[in-house]
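Participant: Everything below, folded, please.
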Amino acid sequence: MTATTKSMSLIVTKGTLDWAYPPFILATTAASMGLNVTMFFTFYGLTLLKKKLDLKVTTLGNAAMEMPMMGMHMVMPNLMGALPGMDGATTMMMKDLIKKKGIASIEELRDLAVEAEVRMIGCQMTLDLFEYKTTDLIDGIELAGAATYIETATKCDINLFI
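Facilitator: Numbering: from 1, shown residues only. Okay, the predicted model is just below:
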């Protein structure tokens, strides 16, 4: 990283389908604009570095969730998440909408991030806490702790918590 190169860091803490899009879209866009980008995946965000992704969506805690249906937007009440099978139905609806709109998958966005040389750091403490194996994760990432991220973030022009 040179003194004139802009840089951005992101802390990625969520591992659901809907929360996976913002960090990867921002990271790949910033990298395509010439910024040096670092992503630090911690707690549930670490699951986004797993080789096999099985991301889901839930309406619980997401009162703003609206899905386009029959020419209008249907609000997904928070209570729906408590009903059996609703998370699966919501996930299927979201995946169908993503496919219908031609939006890249998380796997595709993650591959773009790797191709764009986005620095991806998996939190070692989280790996240990949830008893993941390094073989569960994609190749080409670093494993480090918060100090490594903070050292990077203090040098960045933009720092985002997602």
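Participant: which SSE is the residue nearest the centre of the chain in?
Facilitator: Computing the C-alpha centroid of the chain and ranking residues by Cα atoms, centre = their mean puts A20 first, at 2.8 Å. Per DSSP states H and E, A20 falls inside helix 17-32.
Participant: which helices and strands sit right next to that helix?
Facilitator: Helix 17-32 makes packing contacts with strand 7-12, strand 36-41, helix 86-100, helix 106-115, strand 158-161 when contacts are defined by 3 or more Cβ pairs under 8 Å, 6 or more residues apart in numbering; DSSP states H and E. For every residue, glycine as well, the C-beta is placed using N, CA and C.
Participant: In JSON lines: these, plus mean pLDDT.
Facilitator: Formatted as JSON lines, the entries for the helices and strands packed on helix 17-32 read as follows, by pLDDT from 0 to 100:
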{"stretch": "strand 7-12", "mean pLDDT": "98"}
{"stretch": "strand 36-41", "mean pLDDT": "98"}
{"stretch": "helix 86-100", "mean pLDDT": "86"}
{"stretch": "helix 106-115", "mean pLDDT": "97"}
{"stretch": "strand 158-161", "mean pLDDT": "96"}
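Participant: Tabulate those (a markdown table), appending distance to G122 and mean neighbour count.
Facilitator: A markdown table is the format used below for the helices and strands packed on helix 17-32 (distance: least, Cβ to Cβ, whole Å; neighbours: other Cβ atoms under 10 Å):
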| stretch | distance to G122 | mean neighbour count |
| --- | --- | --- |
| strand 7-12 | 10 | 24 |
| strand 36-41 | 5 | 25 |
| helix 86-100 | 24 | 15 |
| helix 106-115 | 13 | 16 |
| strand 158-161 | 17 | 14 |
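Participant: The helix holding A20 vs helix 106-115, what angle?
Facilitator: Orientation check (axes from the mean of the first three to the mean of the last three Cα atoms, to 10 degrees): helix 17-32 against helix 106-115 gives 30 degrees.
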